[in-house]
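Novice: build the 3D model from these lines:
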Amino acid sequence: MRNRMNTRAGIVVALVAIVLGASTIYTRAMADESAKKPAAKSEGFSAIQALEGTWIAAAPAEGQKPMTLVFRPTAGGSAMMETMSPGSEHEMLNVYTNDERGVTLTHYCMMGNQPRMRLASAKDGVLKFEYVDGGNLKSRDEAHMDSVEITIKGDRLTQDWAMYQDGKVTGHHTFEFKRQK
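Specialist: Residues are numbered from 1 along each chain as shown. You can find the predicted model right below:
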């Protein structure tokens with residue numbers, strides 16, 4: 001009886017060692033494969049990467065804490081995260097990624113939807129993103145952020161967000177920031 005238990009325990013230990021070994025080999029192979037494929041770079045994505053750091057509203061509303069943006073790379077540099085008003089009840093997240101068709105922005109909005117936009121043009125420090133589709137939207141006619149124009153001039157950044165509903169732009173939310181030193 002004891003010999004059977006020792007044999008079974010030995011088999012279990014051997015199987016665990018095989019699984020762990022295979023897992024390690026697979027992980028190394030994936031790391032080697034990803035090292036061979038550097039993320040494609042574009043002028044637009046490089047401009048977003050250059051925003052890394054903290055930005056503070058240039059002219060906060062009277063009596064209010066200035067709005068803050070924090071840009072940081074993630075996913076091995078293949079994406080940039082922009083946190084708007086971090087730590088506040090109005091915190092939102094934008095994720096910029098680059099693929100063979102260009103730069104995509106997904107806006108995780110406090111309204112509970114996730115519009116996706118694609119970089120339509122990049123010229124003279126002005127990046128224009130336009131609506132592609134969205135998560136948690138039954139149709140494009142539901143209220144959502146539909147486009148954003150980002151203007152970068154040295155240590156100054158302006159974002160002009162367009163709200164869209166019922167087939168038309170219903171307003172703009174424009175914010176000006178300066179880079180925190």
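
Novice: pull the number of nearby residues for residue 177.
Specialist: Residues within reach of residue 177, counting by other CB atoms under 10 Å, total 21. All C-beta atoms are positioned from the backbone trio N, CA, C, and that covers glycine.

Novice: that one belongs to a strand, doesn't it?
Specialist: Yes - counting by DSSP: H, G, I helix; E, B strand; the rest coil, one finds residue 177 located in a strand.

Novice: measure it to residue 128 for me?
Specialist: 18 Å (CB to CB, to the nearest Å).

Novice: C-terminal to the helix or strand of the chain with the lowest mean pLDDT, what's the next element?
Specialist: Ranked by mean pLDDT, DSSP states H and E, the weakest helix or strand in the chain is helix 2-36, scoring a mean of 53. The C-terminal neighbour of helix 2-36 among helices and strands, as given by DSSP states H and E, is helix 43-49.

Novice: just checking: what are the partner strands of the helix or strand where residue 104 lies?
Specialist: Element membership of residue 104, judged by DSSP H and E, is strand 102-108. Strand pairing for strand 102-108, using DSSP bridges, gives strand 92-99 (antiparallel), strand 114-123 (antiparallel).

Novice: what's opposite the spatially most central residue of the chain in the beta bridge?
Specialist: Of all residues in the chain, the one closest to the mean position by CA atoms, centre = their mean is residue 95, 1.4 Å from it. With DSSP bridges as the criterion, residue 95 is bridged to residue 81, residue 106.

Novice: correct me if wrong: it contacts residue 80.
Specialist: Yes - counting by CB atoms under 8 Å, residue 95 does reach residue 80; the two are 7.3 Å apart.

Novice: any common contacting residues for those two?
Specialist: Listed as contacting both residue 95 and residue 80 by CB atoms under 8 Å, 6 or more residues apart in numbering are residue 74.

Novice: how close does residue 146 sit to residue 101?
Specialist: To residue 101, residue 146 is 19 Å away according to CB to CB.

Novice: which one of the two has more residues nearby?
Specialist: More neighbours surround residue 146 than the other of residue 146 and residue 101, with 21 against 9 (other CB under 10 Å).

Novice: so the more buried one is in which element?
Specialist: Using DSSP H and E, residue 146 falls in strand 144-153.
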